[in-house]
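>>> sequence and predicted structure below; questions after.
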Number of protein chains: 2
Amino acid sequence: MADGILTIADRIHSKLDDMTRAERQLAHSILENYPASGLGPLAALAKVANVSVPTVARMVQKLGFKGYPEFQAELREELKATVQNPIAKHDTWAEGAPSGHVLNQFTDAVIDNIRHTLAQIDPDKFDEACAMVADQTKPLYIVGGRVSHTLAEYLFLHTQILRPNVTHIQSTSNAWPHYLLDVGPNDVFVIFDVRRYENNTLKLAEMAHACGAKIILFTDQWRSPVHQLAEISFSGRIVVPSAWDSVATLMLLVETMIAAVQNVDWDDTKDRMEQLEDMFDQTKLFRKFT
Amino acid sequence: MADGILTIADRIHSKLDDMTRAERQLAHSILENYPASGLGPLAALAKVANVSVPTVARMVQKLGFKGYPEFQAELREELKATVQNPIAKHDTWAEGAPSGHVLNQFTDAVIDNIRHTLAQIDPDKFDEACAMVADQTKPLYIVGGRVSHTLAEYLFLHTQILRPNVTHIQSTSNAWPHYLLDVGPNDVFVIFDVRRYENNTLKLAEMAHACGAKIILFTDQWRSPVHQLAEISFSGRIVVPSAWDSVATLMLLVETMIAAVQNVDWDDTKDRMEQLEDMFDQTKLFRKFT
DNA sequence: TTCGCCCTGTTACAAATATAACAAAATTCT
DNA sequence: AGAATTTTGTTATATTTGTAACAGGGCGAA
């Protein structure tokens, strides 16, 4: 943004944590398509966010504006500063497919999700989380639920190569309490929880938290209740034109995290990877890539 | 604002020639910093353009709007479309992160992968593949290797809800030959194979092919050798700035396929999903989303 | 459970904003 | 040049829009 001054989006984002239910709902709605939604009439914004009109007025004041018009004025200023380039044409992804084809619809939605998700991530927090995952002195536990299990497993598969002392726990299994026996303040938990949020996962998080373990949470835009226990949370947008949610965005975050962690101590990583290569060669499970 | 319709800026430009003095003055003022200036109150716009208030109102009507508010509404729509346009090269995804930050590098790469991948997919082939997966009269087998196992499992998890008669085979397991005993020409295999390509997966594919089963393959841009046996192949770009490859693109394809399959026979899908909901409610594994 | 606090929404009022009607310039045509 | 027409600005009104005051409801503490 213009010369280091905080944008309104930044301000909203920073206050997101100590907001109430209705306010958070509203905040997300504003950030949803920022800044367009904030430039309409107050009542319209309230409606799409499903909150009452005064809630909007109050929140705007809490953000430090004298009133809604002033808030809008600043939004316009931001806009003036950012948007100089003309409106770009939107072409379809899969060429030859009608734009209504599921391929294009889905891709649009996912790209959109990525955009919104990345815009809300604090790079410092992300680095911090990566450092925690990379820290070999701290035992690492990776937890997934029914659907998010896929993500957990993928992270596990790779961190296992990157470092020792990693454990994968399925919260849907009855066996998970066993794993918590030795958990202490030195341990790090990476927890995946997207709706429908799972009781088991919450219980597990509570117990880990009670033991003093640090929690890193990957969740969706509505945030799993685990986020109150978490040191660091990342919430990805997961809405797509389907009966289910999309984990593609979270997958991107996980892969990014893997890439970041492997860079923290590259020499060590390299050694471990070469060892693995050797072992695979010996088992002849894989062919050489030609 | 969607496909092909003129933007307001376009409209103004086209009428610029047969405008009067005051109108042209106003028009230039609007285009000066577009669209911000048009999103403020009418009076403010009149002031910066040095014209009277009604001049603005009249011109807006000449442009074909019922009134100033309607004009603003369309401006906002345009803005929404612009800012959401995924292709519009936003310098950075995670704002506030230096563009060299791993978050931005990785996201750029993945978006790029998605574009290239989608551009190469034949929508008809995709529909065909979806129809095969949706066909409940044909037994469905889903096969994944060491890394691609994650994708296979994700597809399995969902197709299992969508239809009966789905089997998940891990090619890394020694048990997989058992599954092939009953395979015949009526069966469909969805196989995931990315580098490093696995011998087991190829063997399995060969045997399935020999039995006359149809194969749908998800692979990477270099194509697993399985592709010679496959009825339909989809190859995703998977290169990212990391020691590993990215499965995010393939995950997108898998999710799209799930969405497409669920639409093939939505009534049936709905029934099955409701049944599942009931069962989850009974086990109280999940909390209701509030 | 009951009290009290804080959040949220409904209603009512005040301010601003846009539109309509009218009047004054400016421009054009004869 | 003078009348007619078009363009522009001023004033007044009606509507929208934002804000303040009030009341209901949820949640936690005692």
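It's in.

>>> what about A:Y68, how many neighbours?
Neighbourhood size, A:Y68 [other Cβ atoms under 10 Å in any protein chain shown]: 18. Using the backbone N, CA and C atoms, a C-beta is placed for each residue, glycine as well.

>>> list the contacts for it?
Shown in contact with A:Y68 (Cβ atoms under 8 Å, 6 or more residues apart in numbering or on different chains): A:L42, A:V56, A:A57, A:V60.

>>> near DNA strand C, which residues of the stretch 51-200 of chain A?
Counting by Cβ under 7 Å from any atom of the strand, the residues of the stretch 51-200 of chain A close to DNA strand C are A:V51, A:S52, A:V53, A:P54, A:T55, A:R58, A:P69.

>>> save the residues you listed as CSV, and put in neighbour count, pLDDT and distance to DNA strand D too.
Converted to CSV, these look like this (neighbours: other Cβ atoms under 10 Å in any protein chain shown; pLDDT from 0 to 100; distance: Cβ to the nearest atom of the strand, whole Å):
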residue, neighbour count, pLDDT, distance to DNA strand D
A:V51, 20, 90, 12
A:S52, 14, 89, 8
A:V53, 14, 90, 5
A:P54, 10, 91, 5
A:T55, 18, 91, 10
A:R58, 15, 90, 8
A:P69, 12, 90, 6
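
>>> contacts with chain B among the residues you listed, please.
A:P69 (Cβ under 8 Å from any Cβ of the partner chain).

>>> what's the closest of the residues of the stretch 51-200 of chain A next to DNA strand C to chain B?
Nearest to chain B among those is A:P69, at 8.0 Å by Cβ to the nearest Cβ.

>>> residue contacts, the closest one?
Residues in contact with A:P69, defined by Cβ under 8 Å, 6+ apart, are B:P41.

>>> and A:Q72, by the same measure?
By Cβ under 8 Å, 6+ apart, the neighbours of A:Q72 are A:G38, A:L39, B:L39, B:G40.

>>> ok, 7 Å please
Applying Cβ atoms under 7 Å, 6 or more residues apart in numbering or on different chains, we find A:Q72 in contact with A:G38, A:L39.

>>> who are the packing partners of the helix or strand of chain A with the lowest mean pLDDT?
When each helix and strand of chain A is scored by mean pLDDT, DSSP states H and E, helix A:266-283 comes last, with a mean of 75. Applying 3 or more Cβ pairs under 7 Å, 6 or more residues apart in numbering or on different chains; DSSP states H and E, we find helix A:266-283 packed against helix A:149-162.

>>> the strands in the stretch 101-250 of chain A, which residues?
A:140-144, A:166-170, A:188-193, A:214-220, A:232-236 (DSSP state E, counting those that start in this stretch).

>>> in CSV: those strands, plus mean pLDDT.
Shown next, in CSV, are these (pLDDT from 0 to 100):
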stretch, mean pLDDT
strand A:140-144, 96
strand A:166-170, 93
strand A:188-193, 96
strand A:214-220, 94
strand A:232-236, 91
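
>>> pretty sure A:M132 contacts A:N186?
No. Judged on Cβ atoms under 7 Å, A:M132 makes no contact with A:N186 at a distance of 11.1 Å.

>>> the two: which is more packed in?
More neighbours surround A:M132 than the other of A:M132 and A:N186, with 19 against 13 (other Cβ under 10 Å).

>>> so who does A:Q105 touch?
So A:Q105 contacts A:P241 (Cβ under 7 Å, 6+ apart).

>>> state the pLDDT value of it.
pLDDT for A:Q105: 83.

>>> before we move on, what about A:T159?
So A:T159 comes in at 93 (pLDDT).

>>> list the buried residues for stretch A:113-127?
Neighbour-count burial for stretch A:113-127 flags A:113-123, A:126-127 (criterion: 16 or more other Cβ atoms under 10 Å in any protein chain shown).

>>> got it, and stretch A:179-190?
Quick answer for stretch A:179-190 (16+ other Cβ under 10 Å): A:Y179, A:L180, A:V183, A:D187, A:V188, A:F189, A:V190.

>>> which two among those residues are spaced furthest apart?
Across those, the longest distance by Cβ to Cβ is 14.9 Å; it joins A:L180 and A:V190.

>>> can you name the residues of the stretch 101-250 of chain A sitting close to chain B?
Applying Cβ under 7 Å from any Cβ of the partner chain, one finds that the stretch 101-250 of chain A approaches chain B through A:101-103, A:106-107, A:110-112, A:114-115, A:118-119, A:121, A:123, A:126, A:147, A:150, A:153-154, A:157-158, A:195-200, A:240-244, A:246, A:248.

>>> what's the ChimeraX syntax to select whichever of the residues you listed are buried?
Only the buried entries of these go into this ChimeraX selection, using 16+ other Cβ under 10 Å:
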select /A:101,102,103,106,107,110,111,112,114,115,118,119,121,123,126,147,150,153,154,157,158,195,196,197,198,199,200,240,242,243,244,246,248
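
>>> returning to that earlier point: can you put the contacts of A:Y68 in JSON lines and add distance to DNA strand D?
JSON lines is the format used below for the contacts of A:Y68 (distance: Cβ to the nearest atom of the strand, whole Å):
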{"residue": "A:L42", "distance to DNA strand D": "3"}
{"residue": "A:V56", "distance to DNA strand D": "7"}
{"residue": "A:A57", "distance to DNA strand D": "4"}
{"residue": "A:V60", "distance to DNA strand D": "6"}
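
>>> relative to chain B, which of those is nearest.
Distances from chain B to those, taken by Cβ to the nearest Cβ, are shortest for A:L42, at 13.2 Å.

>>> help me confirm that the closest one comes into contact with A:V51.
No. The criterion here is Cβ under 7 Å, and A:L42 misses it with A:V51 at 11.0 Å.

>>> pLDDT below threshold where in the stretch 51-200 of chain A?
Scanning the stretch 51-200 of chain A for pLDDT under 70 picks out the ranges A:82-100.

>>> so whichever residue of it sits closest to DNA strand D versus A:L16, what's the distance?
The minimum distance from the stretch 51-200 of chain A to DNA strand D, using Cβ to the nearest atom of the strand, falls at A:G67 (2.0 Å). Distance from A:G67 to A:L16, counting by Cβ to Cβ, to the nearest Å: 22 Å.

>>> between the two, who's got more neighbours?
More crowded of A:G67 and A:L16, by other Cβ under 10 Å: A:L16, with 16 against 12.

>>> list the residues that contact that one.
A:L16 sits in contact with A:R24, A:A27, where contact means Cβ under 7 Å, 6+ apart.

>>> can you check the pLDDT for it?
A:L16 is given a pLDDT of 76.

>>> over to A:A36?
88.

>>> joint contacts of A:M132 and A:N186?
In contact with both A:M132 and A:N186: A:K138, using Cβ under 7 Å, 6+ apart.

>>> now the stretch 101-250 of chain A against DNA strand D: closest residue?
Residue of the stretch 101-250 of chain A nearest DNA strand D, by Cβ to the nearest atom of the strand: A:Q228 (11.1 Å).

>>> for A:M257, see how far away that residue is.
From A:Q228 to A:M257 the distance is 22 Å (Cβ to Cβ).

>>> neighbour count: those two, which is higher?
Legend: neighbour count by other Cβ under 10 Å for A:Q228 and A:M257, higher for A:M257 (25 against 15).

>>> nearest residue to the more buried one other than its sequence neighbours?
A:C130 (5.7 Å; Cβ to Cβ, 6 or more residues apart in numbering or on different chains).

>>> ok, now which ones touch that neighbour?
A:C130 touches A:M257, A:A260, A:V261, A:V264, counting by Cβ under 7 Å, 6+ apart.

>>> from what I can see the second one touches B:N104, true?
No. Using Cβ under 7 Å, A:A260 and B:N104 do not qualify as a contacting pair, with a distance of 11.9 Å.
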